[in-house]
Structures are given as C-alpha cells and as structure tokens.
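Asks: Quick check, what structure comes out for this input:
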Amino acid sequence: MFFRLRPAAVLTGAAFIASIAAIVALAFRGTGSDQPHVAPSGPAPTRLDATVASTGQVTLTSSRGRAISKLPSGTYTIVVRVNSTHADFHLTGPNINRTSKAGVASLGLWGVQLVSGTYRYTNDRDPRATAHVVTVY
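Replies: So this is what the prediction gives:
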C-alpha cells in the first residue's frame, strides 16, 4: 500500500521538527560547559492570546480569556492562532508591525516589547474588519 504525501503536510512536519530542534539548541547553546544555558532571572513575559476565528473575527485576550483594551508596558508573549486560510492577524504600534502568514491556518508565538502608545490589531484579509485598539501605558 502506498501513501501519498501532500507537500503542505511535509512542510508543516519539517517546520515543526525544525522548531523543536531550534528550541533544544537554544537551551544548550555554548556556555563553555556541559550545563544548559540558564536564562537571566526575572519575571516571565505575560501571555496574551490573539485569535482569528474561522469567521475572520479577531480577538486579543489575557491568558484568562478577558478582552484586552489597556496594558502596562513590558515584555509579552503573544500566542497567535489563525483558524482560517482566508485570514491573518496584524498588530501595529510603536516599533512593531507584525503579521501572521496569510493564506495558512497557523499557530505562532511572538515575543514582543510593548512600549507606551496606541496599538491596533486586525484581520487584513477581511475588508469588513475593524481595527481594534489597545492602549499601552
């Protein structure tokens, strides 16, 4: 029996394996010893969840599911989930202009430093979409 592999499935699997290899390599990068690299102490970045539903609706919530309209400046990890091949997630603001890959349902992690100012997020692929605003203080 032969199985036919679709190119997208192969690339997705290869990308996943490459991501895991990169994480392991970073954890054990050259420190001059056999010990793994230890990140500097300090608070972990706050997690935010950015989601684009299959309908194209865009949300940005706290890790507890609460809608975000104001945030203190700082380091954040944004988990970006795009559940449609006809959508993307686009975040703009002071020193930031990030967009998820259009045309691909995906999951991504973005490490961002948010400074005081106004940020907007939207789904660029939907002409009816409104830009949502987050104020960072």
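
Asks: Go ahead and confirm S100 touches V80.
Replies: Yes. Counting by C-beta atoms under 8 Å, S100 does reach V80; the two are 5.4 Å apart. To be clear about C-beta, it is placed using only N, CA and C from the backbone, and glycine gets the same treatment.

Asks: overlap in contacts of these two?
Replies: Residues touching both S100 and V80 (C-beta atoms under 8 Å, 6 or more residues apart in numbering): F89, S106, G108.

Asks: min pLDDT across those residues, which one?
Replies: Within the shared contacts of S100 and V80, S106 has the lowest pLDDT, namely 87.

Asks: wait, what's in contact with it?
Replies: V80, R81, V82, S100.

Asks: Select only the buried ones of these in PyMOL?
Replies: In PyMOL, this line selects whichever of these come out buried by 16 or more other C-beta atoms under 10 Å:
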select buried, resi 80+81+82+100
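
Asks: tell me the two of the contacts of S106 that are most distant?
Replies: Taking C-beta to C-beta as the measure, those span a maximum distance of 9.1 Å, between R81 and S100.

Asks: can you map out the helices along this structure?
Replies: Counting by DSSP state H, the chain has helices at residues 7-27.

Asks: low-confidence ranges in it?
Replies: 1-43 (pLDDT under 70).

Asks: got the contact list for the closest residue to A129 other than its chain neighbours?
Replies: Nearest-residue entry for A129: N123, 4.4 Å, with adjacent residues in sequence omitted and distances by C-beta to C-beta, 6 or more residues apart in numbering. Shown in contact with N123 (C-beta under 8 Å, 6+ apart): V52, G56, Q57, V58, A87, D88, F89, H90, A129.

Asks: what about stretch 123-133, how long is it end to end?
Replies: 13 Å (C-alpha to C-alpha, to the nearest Å).

Asks: What of stretch 55-70?
Replies: Termini of stretch 55-70 sit 25 Å apart (C-alpha to C-alpha).

Asks: Need the contact partners of it.
Replies: With C-beta under 8 Å, 6+ apart as the criterion, stretch 55-70 contacts 46-53, 78, 84, 86-87, 89, 121-123, 125-126, 128-129, 132-137.
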